[in-house]
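Asker: here is my input; please provide its structure:
(one chain, ligands or ions: 1)
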Amino acid sequence: MQLLASYLSGTWSQGAGARTPLVNPATEEPLAEVANGGHDLAAAFTHARAVGTRELGALTFAQRGALLGALAKAIHGAREELIDLAVRNGGNTRSDAKFDVDGGAMTLSYYAELAAKLGATQLLADGEPVQVGRTARMGGQHVWARRQGVAVHINAFNFPGWGLCEKLACALLAGMPVIAKPATATALVAHRMVELFAPLLPPGTLQALIGPAGSLLDHLAPGDVVAFTGGSSTARMLRTHARIVEHGVRLNIEADSLNAAILGPDVELTSETGALFVADVVRDMTQKTGQKCTAIRRVLVPEGKLAEVFDALRERLGAIAVGDPSREDVRMGPLATAQQKADVLAGIARLASATEAVHGGTGEVTPVGVPAGKGYFVGPVVRTTNDPMACAPLHEHEIFGPVTTVAPYTGDASFAAEFVAKGDGCLVSSAYSDERDWVAQFTGAAAPWVGRLYLGSAKMAAQSPGPGTALPSLLHGGPGRAGGGEELGGERGLHLYMQRVALEGDASVLKSLLGG
Ligand code: NAP
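Answerer: Just a heads-up that it's a prediction; the model follows:
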C-alpha cells in the first residue's frame, strides 16, 4: 500500500513508527497510509525561516502572483486525477469533488490576478497619507509589511484541496513561507497537490506535513502565524498552547458554525426567491454530505408556510440517491470517517430529544452500490420544533452532516436576527426577501453575529452561488463560536501574514516607499 510522504526541508520524508490508514469512506477499503511521526520538524522550520523567507523576500507581489498562477494551472492539468482522489478518499460525488478542486484553482487564480494589480512593490498602503507636522512635508502613512516567520496551516478534512490553496495563496502572496498540515483522513488530494506545486515554487516556500501534527506547534517562534480550520475543541487547545501564548504567535481560527437561513414573510415558495431558498437549503444539506462549515443548520420560515416548506424539502430530498459517490446516479456520498458518522448520529440523537421528525428519521439509509454494512452513510434529516428559541440542542451543537432543523416564526425581522444570534457567532447566515425595509431591519440586527450575510432575492437568484460557497473576494470567518477569524476577502486575506506599521517622516520619502 502507498505510504504517503511529507514534503519537508526540500525532500520527501516517509517518517517512521506507527501508521494511520486512509480509507475510501464508501467501502472502507484502505487506500494509503501515513506515518504518525518520525519527521525532523525542527529542520523544516529552520529551512522555512532561512531559505523560504529569503526567496519570497526577493520577489514583488506581481512575481509571487505569477507563482500562484502557475499553481492554478498545475491543478487544471491534473484535474481529473485530483477529482478521482477526492471521490475515493473524501466520499465526494464528482460534483462535490469539483467544488473542492476547482475552488482551489479558482482561489489561486483570483489572488494571481490581484497580485498583478498590486504590482512591483513589497509594501501595501493602508489608507491615505496623513499630515502629522505643521506643514505637508511631515507626513504619516500606515503600511502593511510581511511578517518574518513561518505560516503554519492546519486544515479540516472536508476541503483538502480548497483549504490548502486558499491559505497558501494569501500567505505566499504576502511573502511568508508555509508549512501546511492537511487533515490526515482525507490527505490524498492535498498530498497530490503538494507533489504538483513543489517543483513550481522557490525552495523553502512550501512544505507539507502529511499525517498527525505531533510536535509541529512546539517549534513556533515570534513572527509566526498559525491559521487553523477545524473543530472547536482542537481550537481551544491551540489558543492555550504554550508556544502560541508565550511568543504571541498570531492565531486565526475558523471553527464550528450554526449557520441560519430565514425565509422572509413576503416570499411565496413558488416565487424566484422562494425557489432559491429551497434550492439553497437542499444544496447545503446534501453537498459534501452536509460537511461544509458554511452549511445551513437552522431555518426559520413564516408559520403559515411551514407545511409547504416541509413538502418541498421532502420532495427534493426524497429524490436524492445516497450511495457510492463514484456512481453517476448518486447525488450524496458517505461522511468522511467512521468518527464523523458516530458524531453525526450522536448529534441527531441529541436533537431528536428536543425536536420532531419531518424527513429522514434519525438518518437511517440504505446506500446504493455499496457492500452491505459498509461505509459511513447517514441519510438527509429534517427536524422541527415549535419553540425555536428554547430548543437548546439546536443552538449549542453543530452536527457536521446532512441535518437541518426548520422552525416557524411570525415573520418579525428582530426575532429572526435574535435567532441568528442564538448561534453565538456564525460564519454565514442568509435571509430571503424582496421587501427592502424588512431586509434592512434584519441586517442591522443580525450583522454583529455573522462573518457574512447572504441576502437572497429575486433579482440575484439567477446568479447566486448560494450562502455555502466561500468566495475569495469576500471575507470567510465569523465571530464567537465560529472562531473569531478572518480569511480571504481580497487584499484583506494578506493582512493575517503582514504587520501593520505606521511610518512617519518626509512625505515624499513615504510616497516613494509605496512606489510613488
Ligand atoms: P479537527 O479534528 O479539529 O481537525 C482539524 C485539523 O487539526 C486536522 O488537520 C487535525 O489533524 C488537526 N489537529 C488535531 N489535533 C491537533 C493538534 N493537537 N495539534 C495540531 N493540529 C491538530 O476538525 P475536523 O474533524 O478535521 O473538521 C471538522 C470541524 O471543522 C467541524 O467542526 C467544522 O465546523 C470545522 N470546519 C470549520 C471550517 C471553517 O472554515 N470555519 C471549515 C471546515 C471545517 P489530524 O487530521 O491529523 O487529526
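
Asker: around the ligand, which positions in the chain sit nearby?
Answerer: Within the chain, the positions lying close to the ligand (Cβ under 6 Å from any ligand atom) are 154-158, 181, 183-185, 212-213, 216-217, 229-231, 234, 237, 254-257, 293, 398, 400, 427, 482. Quick note: C-beta positions are derived from backbone N, CA and C, even for glycine.

Asker: in strands, which of the residues you listed appear?
Answerer: Among the residues of the chain next to the ligand, the residues falling in strands (DSSP state E) are 154, 181, 229, 254, 427.

Asker: who wins on neighbours among those residues?
Answerer: Highest neighbour count within those, by other Cβ atoms under 10 Å: Leu427, with 30 neighbours.

Asker: hmm, that residue is touching Gly477, no?
Answerer: Yes: if you go by Cβ atoms under 8 Å, Leu427 and Gly477 touch, sitting 6.7 Å apart.

Asker: circling back to that earlier point, among the residues of the chain next to the ligand, the buried ones, what's the ChimeraX command?
Answerer: Applied in ChimeraX, the following selects the buried portion of those according to 16 or more other Cβ atoms under 10 Å:
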select :154,155,156,157,158,181,183,184,185,212,213,216,217,229,230,234,254,255,256,257,293,398,400,427,482
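
Asker: which of the residues of the chain next to the ligand fall in helices?
Answerer: The helices, defined by DSSP state H, take in 234, 237 from the residues of the chain next to the ligand.

Asker: which neighbours do Leu427 and Gly477 share?
Answerer: 254, 451 (Cβ atoms under 8 Å, 6 or more residues apart in numbering).

Asker: so who does Trp144 touch?
Answerer: Trp144 neighbours (Cβ under 8 Å, 6+ apart): 123-126, 494-495, 498-501.

Asker: returning to what we had before: which one of the ones in strands among the residues of the chain next to the ligand is nearest to Glu81?
Answerer: Lys181 (22.4 Å; Cβ to Cβ).

Asker: one step back: and the furthest pair within the ones in strands among the residues of the chain next to the ligand?
Answerer: Among those, the pair separated by the greatest distance (Cβ to Cβ) is Lys181 and Leu427, at 21.3 Å.

Asker: sorry, back to before: who wins for neighbours among the contacts of Trp144?
Answerer: Going by other Cβ under 10 Å, Leu494 tops those with 25 neighbours.

Asker: so it is in contact with Lys167, correct?
Answerer: No: applying Cβ under 8 Å as the test, Leu494 and Lys167 come out as separate, 11.7 Å apart.

Asker: including distance to Ala413 and pLDDT, could the contacts of Trp144 go into a markdown table?
Answerer: A markdown table is the format used below for the contacts of Trp144 (distance: Cβ to Cβ, whole Å; pLDDT from 0 to 100):
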| residue | distance to Ala413 | pLDDT |
| --- | --- | --- |
| Leu123 | 44 | 95 |
| Leu124 | 38 | 96 |
| Ala125 | 39 | 96 |
| Asp126 | 35 | 97 |
| Leu494 | 36 | 98 |
| His495 | 33 | 98 |
| Met498 | 38 | 98 |
| Gln499 | 41 | 98 |
| Arg500 | 37 | 98 |
| Val501 | 42 | 98 |
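
Asker: closest one of these to Ala190?
Answerer: Nearest member of the contacts of Trp144 to Ala190, counting by Cβ to Cβ, is Leu494, at 21.9 Å.

Asker: look up how far Ala185 lies from the closest one.
Answerer: Here Leu494 is placed at a distance of 30 Å from Ala185 (Cβ to Cβ, to the nearest Å).

Asker: tell me the contacts of the residue in the stretch 401-516 of the chain that the ligand sits nearest to?
Answerer: For the stretch 401-516 of the chain, the residue closest to the ligand is Leu427, as judged by Cβ to the nearest ligand atom, at 5.4 Å. Taking Cβ under 8 Å, 6+ apart, we find Leu427 in contact with 254, 257, 259, 293-294, 450-452, 476-478, 482.

Asker: at 10 Å what do you get?
Answerer: Shown in contact with Leu427 (Cβ atoms under 10 Å, 6 or more residues apart in numbering): 254-259, 292-295, 450-452, 467-468, 470, 475-479, 481-483, 485.

Asker: could you check the pLDDT of the residue nearest to Gly425 when sequence neighbours are not counted?
Answerer: Distances taken as Cβ to Cβ, 6 or more residues apart in numbering put Gly480 closest to Gly425, at 2.2 Å, once the chain neighbours are dropped. We note a pLDDT of 97 for Gly480 in this prediction.

Asker: rewinding a little: got JSON lines for the ones in strands among the residues of the chain next to the ligand, with pLDDT and distance to Gly104 too?
Answerer: Output for those, formatted as JSON lines (pLDDT from 0 to 100; distance: Cβ to Cβ, whole Å):
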{"residue": "Ile154", "pLDDT": "98", "distance to Gly104": "17"}
{"residue": "Lys181", "pLDDT": "98", "distance to Gly104": "16"}
{"residue": "Thr229", "pLDDT": "98", "distance to Gly104": "14"}
{"residue": "Glu254", "pLDDT": "97", "distance to Gly104": "16"}
{"residue": "Leu427", "pLDDT": "98", "distance to Gly104": "19"}
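
Asker: of those, closest to Leu394?
Answerer: For those, the nearest to Leu394 is Leu427 (16.9 Å; Cβ to Cβ).

Asker: may I have stretch 419-432 exported as PDB, CA atoms only?
Answerer: Taking Å, rounded to 0.1, in the frame of the first residue of the first chain, the C-alpha atoms of stretch 419-432 are listed here in PDB:
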ATOM      1  CA  PHE A 419     -32.500  33.600  16.200                       C
ATOM      2  CA  VAL A 420     -29.300  34.100  14.200                       C
ATOM      3  CA  ALA A 421     -27.600  35.500  17.400                       C
ATOM      4  CA  LYS A 422     -28.600  32.400  19.300                       C
ATOM      5  CA  GLY A 423     -25.900  30.500  17.400                       C
ATOM      6  CA  ASP A 424     -23.300  32.600  19.300                       C
ATOM      7  CA  GLY A 425     -21.400  33.600  16.100                       C
ATOM      8  CA  CYS A 426     -21.800  32.200  12.600                       C
ATOM      9  CA  LEU A 427     -19.600  32.100   9.500                       C
ATOM     10  CA  VAL A 428     -22.600  33.000   7.400                       C
ATOM     11  CA  SER A 429     -26.400  33.300   7.600                       C
ATOM     12  CA  SER A 430     -28.900  34.100   5.000                       C
ATOM     13  CA  ALA A 431     -32.300  35.900   4.600                       C
ATOM     14  CA  TYR A 432     -34.600  35.500   1.600                       C
END
